[in-house]
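Chemist: okay, here's the prediction I keep looking at, along with the sequence it came from:
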Amino acid sequence: MSLESVVIQELKRVLPDYGITDLDVAQLLEKPKNSDWGDFSFPTFSLAKIKHKSPYNIAEDIYQLLNKNLFTKVNIVNGYINFFILRTNVSKKLLLKINNENHSFGKVDLGHGKTVTIDMSSPNIAKPMSMGHLRSTVIGNALANIESKCGYQPIKINFIGDWGTQFGKLLAAYKMWGDKREIDNDPIDTLLKLYVHFNQKAKKDPKLNDLGRAWFKKLEDGDKEAISLWKWFREVSLQRFEEIYNDLKIDFDWYDGEAFYNDKMDSVVKKLKSENLLTVSQGAQVVDLSDEGFKNPALIIRSDGASLYITRDLAAAIYRKKKYHSVKSIYVVGSEQKQHFDELKAVLKKMGYEWSDEVIYVPFGLITYNGKKLSTREGRIILLNEVLDNAYDLALKQINEKNPSLINKEEVAREVGYGAVVFHDLKNERIENFDFKLEEVVQFEGDTGPYVQYTNARAQSILRKSESFQIKKDIMDIFDQDAAFDLIKILDQYPQIILQAEKKYEPSILAKYAIQLSKVFNRYYKKVKILVEDDQLYTRLQLVRATSLVLQDSLNLLGIKAPSEM
Ligand code: ARG
C-alpha cells in the first residue's frame, strides 16, 4: 500500500458512479509543489469535455461521492480536488514495508524474465574512447540495471567498431611511418596520431587515399599481414577500453565487433534480393524507402562491392534476435545517428521482421568539455582516462579536507570521483547537449553525485552511532511532523520513479529523484534531532534506514557506488 494508492483507489471507486471509466487516474494525479495545497491533487480539466460541465462543478460532484474519512482534509480549489492524507497508518505501514523489502523495494515484474538486449558503449578501435562512448556506456549500464529491476533480463552488448575503410588508412599509415615499440608503449594515442597524420597528408596528396583503399581491400580479402596488424591494433585497443570499464565497474555480456558480421551479411543480402527489395542505383544496391516517407534509399552495398555500417547492423540485429530471443533491442547511440537507426528499422520492417517494432533507438546529446567540441579526425580529443584521473584527484582533495582520517581514502576517492562523472552524465535528460566542467561536477554540494553519496554516508553514520543507544523497537507516530511526512512521501514515490525511468528509457528521472530525496532528507536532518533516546528514536532510525536504502538503490541502479563513509 502506498500513500498515493489511497487516493487512486478511492477515485477509482467513485469515478464509475459518475460515469467515468477508462481514465488513467495514476497518470493524472499530481503532487502539488507546495504541500500546503495538499499531498495529492486531482485535476478535473480533462473531464470537462466528457461531462460538458465546468471543472469546478465536476470537482464538486466528485467531492460529494468521496469517503472523506480516508483523509484528514479534502478541498476544492478551481478545478482541482486536493487531498490531505491521513498520515499515521499509511506512513507507518510504508516505513515497515520499505525496511522489510530492503533492496527489493521498487521492484516490479514487468518483464517476467524476458530478455532485452542493450547495444551500448561500442567504441572504435585504434581511437580513444570518447565522451560520447562514455555516455553510451553509462546510460546503457543504467538502463540495463533499471530493466533488471523491472523484471527483464538485460544482455549488455558492446558492438566494437572494428571494421571499415578507415582501417585501410591506418594500415597504410603504419606501413609508412609506424613504430612497433611506440604502439606497444602507448597504443591508442600512437594509432590516433598515425591516423590523423594520414588524413592531413591525404588532403594534399589524394593518392594516399588510394593506398588506404588498397589496404582495406587486402584486409577484406584476408591478406595475412593486413589481418595480423588489424588483430594487433584491435587487441591493444580493447585492453585500453577494458581499463576504463574496470574503473567504472561496468561489464558486458557479449562483445560482437562489426567484423564478426563479415560472414553474416551475405545471407542478409540474399534475403533482401529474394524479397525483391534491392534495386540498383548508380551502381550501388539500395533499398527504396520512399513509401516509408524517407527522402533517400538505404545504401546496402556500395558500387565497389563493399558493405556498409547499416549492412553490418542489419546482420547483427537478425543474429542477436535469433541468439537471445529478446523482446526488446535497445540501442544507446548518439542522436547524430538517428537517420541510421530510422533506416535500420525501416529495412527490417520491409524484410518482414515483425520485431522491427521492438528495435528501440535511445539517442543522447553531445557533451562538450569546458565549452569545447570534440573530434577525433582533427586529433582534438579529451582523453577519458584523464578526465577520470582528474576526477579522482579532485575527490581525494575534498576527502582530505573533510575527513582526513578516513581509512580507505583512495578507494572512496575513486568511487566518488568516477561516480561524480557518471552522475553528471546521467542527471541531464539524455537528449540534451551539455557542457562538462569537472570542478563543478566533483562537488559535495549542489546537484551532484557526491552530494547524493554524501547524504547516504551521513545517514549511514547516524545508523552507526545509534548502535550504542538503548532502543525499543516500536514504530510510533512521528508523521504529524511535516519534515518526517515529507520524507516518507518522497520515499513512497520510488517505485513510480523506476517505472517512469523504464518507460522513457531515461535514467535522469532516477538521478533527479535521488537529488530530491537527498534534499528532503537533509532538511529532515536539520530540523529534527535524530539521536535522542526517547520512544520515537526507533521510528526515526527506521526512516533514516529507509532513506539510505533508497539512496543506495538509486545510486546502484545508476551504476554508482555508495560508500558508507566519505
Ligand atoms: N561504433 C559506433 C560509433 O562509434 C557506434 C555503434 C553503435 N551501435 C550500433 N549497433 N550501430 O559511432
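Modeler: Structure received. Numbering: from 1, shown residues only.

Chemist: mind checking the SS state of the nearest residue to Asp486 once chain neighbours are set aside?
Modeler: Nearest residue to Asp486, sequence neighbours excluded (CB to CB, 6 or more residues apart in numbering): Val520, at 5.4 Å. Backbone N, C-alpha and C define where each C-beta goes, glycine included. Three-state call for Val520 (DSSP: H, G, I helix; E, B strand; the rest coil): helix.

Chemist: average model confidence for the host helix or strand of Gly212?
Modeler: Element membership of Gly212 [criterion: DSSP states H and E] is helix 207-220. Computed over helix 207-220, the mean pLDDT rounds to 93.

Chemist: let me see the contact set for the residue nearest to Asp486.
Modeler: Taking CB atoms under 8 Å, 6 or more residues apart in numbering, we find Val520 in contact with Asp486, Leu487, Ile490.

Chemist: now these as CSV including secondary structure?
Modeler: What follows is these, written out as CSV (three-state DSSP):
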residue, secondary structure
Asp486, helix
Leu487, helix
Ile490, helix
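
Chemist: how about the residue in the stretch 301-450 of the chain positioned nearest to the ligand, what does it touch?
Modeler: The ligand sits closest to Val333 of the stretch 301-450 of the chain, with a gap of 4.4 Å, by CB to the nearest ligand atom. By CB under 8 Å, 6+ apart, Val333 lies in contact with Asp119, Ser122, Ser136, Phe341, Tyr361, Val362, Pro363, Phe364.

Chemist: what's the burial count for the second one?
Modeler: Here the number of neighbours of Ser122 (other CB atoms under 10 Å) works out to 23.

Chemist: ok, for it, nearest residue in space, not its chain neighbours?
Modeler: Using CB to CB, 6+ apart and skipping the chain neighbours, the partner closest in space to Ser122 is Phe159 (4.3 Å).

Chemist: again with the fourth one
Modeler: Taking CB to CB, 6+ apart as the measure, Phe341 lies nearest to Tyr361, with 3.9 Å between them; neighbours along the chain are not counted.

Chemist: next, that neighbour: secondary structure please.
Modeler: Classification of Tyr361 by three-state DSSP places it in strand.

Chemist: roughly how far apart are it and Thr115?
Modeler: 18 Å (CB to CB, to the nearest Å).

Chemist: now Val359
Modeler: Noted for Val359: a distance of 14 Å to Thr115, by CB to CB.

Chemist: quick one: which of these two has more around it?
Modeler: Set Val359 next to Thr115 and count neighbours by other CB under 10 Å: Val359 wins out with 22 against 18.

Chemist: contacting residues for that one?
Modeler: Val359 neighbours (CB under 8 Å, 6+ apart): Ala317, Ser329, Tyr331, Phe341, Leu344, Lys345, Leu348.

Chemist: try it again at 10 Å.
Modeler: 117, 119, 313, 317, 321, 326, 328-331, 341, 344-345, 348-349, 353 (CB atoms under 10 Å, 6 or more residues apart in numbering).

Chemist: confidence score at it?
Modeler: So Val359 comes in at 98 (pLDDT).

Chemist: who does it bridge with?
Modeler: Ser329 (DSSP bridges).

Chemist: which residues outside the lowest-mean-pLDDT helix or strand in the chain are in contact with it?
Modeler: Scoring the helices and strands of the chain by mean pLDDT, DSSP states H and E places strand 367-369 at the bottom, with a mean of 79. Residues from elsewhere that reach strand 367-369, judged by CB under 10 Å, 6+ apart: 130-132, 134-135, 334, 373-374, 381-382, 387, 424-425, 428, 432-438.

Chemist: how about a cut-off of 7 Å?
Modeler: Met131, Gly132, Arg135, Ile382, Phe434, Asp435, Phe436 (CB atoms under 7 Å, 6 or more residues apart in numbering).

Chemist: what would these look like in TSV with secondary structure and pLDDT?
Modeler: Shown next, in TSV, are these (DSSP: H, G, I helix; E, B strand; the rest coil; pLDDT from 0 to 100):
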residue	secondary structure	pLDDT
Met131	helix	83
Gly132	helix	88
Arg135	helix	94
Ile382	coil	63
Phe434	strand	86
Asp435	strand	84
Phe436	strand	81
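
Chemist: can I get the buried ones among those as something I can paste into ChimeraX?
Modeler: Of these, the buried ones go into a single ChimeraX selection, burial set by 16 or more other CB atoms under 10 Å:
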select :131,132,135,382,436
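
Chemist: which among the contacts of strand 367-369 gets closest to Phe83?
Modeler: Checking the contacts of strand 367-369 against Phe83 by CB to CB gives Phe434 as the nearest, at 37.1 Å.

Chemist: confirm for me that the closest one is in contact with Asn428.
Modeler: Yes. Using CB atoms under 7 Å, Phe434 is in contact with Asn428, at 4.9 Å.

Chemist: not counting sequence-adjacent ones, nearest residue to Leu537?
Modeler: Nearest non-adjacent residue to Leu537 (CB to CB, 6+ apart): Ile471, at 5.8 Å.

Chemist: okay, now the one you found: neighbour count?
Modeler: By other CB under 10 Å, the residues close to Ile471 number 12.

Chemist: how much space between it and the ligand?
Modeler: 53 Å (CB to the nearest ligand atom, to the nearest Å).

Chemist: quick check: phi and psi on that residue?
Modeler: Phi and psi for Ile471, reported as degrees, to the nearest 10, are phi -130, psi 130.

Chemist: can you count the residues close to the residue in the stretch 101-250 of the chain that the ligand sits nearest to?
Modeler: Of all residues in the stretch 101-250 of the chain, Gly161 sits closest to the ligand, at 3.2 Å by CB to the nearest ligand atom. For Gly161, the neighbour count with other CB under 10 Å is 20.

Chemist: for the one 5 residues further on, same thing?
Modeler: Residues lying near Gln166 (other CB under 10 Å) number 19.

Chemist: can you point out the buried residues in the longest helix along the chain?
Modeler: In the chain, assigned by DSSP state H, the helix with the most residues is helix 224-248. In terms of neighbour count (16+ other CB under 10 Å), helix 224-248 has its buried residues at 226, 229-230, 233-234, 236-238, 240-241, 244-245, 247-248.

Chemist: that helix vs helix 207-220, what angle?
Modeler: Interaxial angle, helix 224-248 versus helix 207-220 (axes from the mean of the first three to the mean of the last three CA atoms, to 10 degrees): 90 degrees.

Chemist: beyond helix 224-248, next helix or strand please.
Modeler: strand 254-255.

Chemist: ok, that next one: who's next to it in the sheet?
Modeler: Short version: by DSSP bridges, strand 254-255 pairs with strand 153-158 (parallel).

Chemist: kindly export the strand it pairs with (C-alpha atoms) in CSV.
Modeler: What follows is strand 153-158, C-alpha atoms only, in CSV (Å, rounded to 0.1, in the frame of the first residue of the first chain):
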residue,chain,number,x,y,z
GLN,A,153,16.9,-10.0,-18.2
PRO,A,154,19.3,-7.4,-19.8
ILE,A,155,22.1,-8.5,-22.2
LYS,A,156,24.7,-5.8,-22.5
ILE,A,157,26.3,-5.9,-25.9
ASN,A,158,29.4,-4.0,-26.9
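
Chemist: that one near the ligand at all?
Modeler: No. Interface with the ligand: strand 153-158 contributes nothing (CB under 6 Å from any ligand atom), its closest point being 8.3 Å away.

Chemist: how many residues are close by Lys504?
Modeler: Neighbours of Lys504 (other CB under 10 Å): 13.

Chemist: from Ser46, how far off is it?
Modeler: For Lys504, the distance to Ser46 - CB to CB - is 21 Å.

Chemist: tell me which of the contacts of Val359 fall in helices.
Modeler: Residues of these located in helices (DSSP H): Asp313, Ala317, Lys321, Phe341, Leu344, Lys345, Leu348, Lys349.
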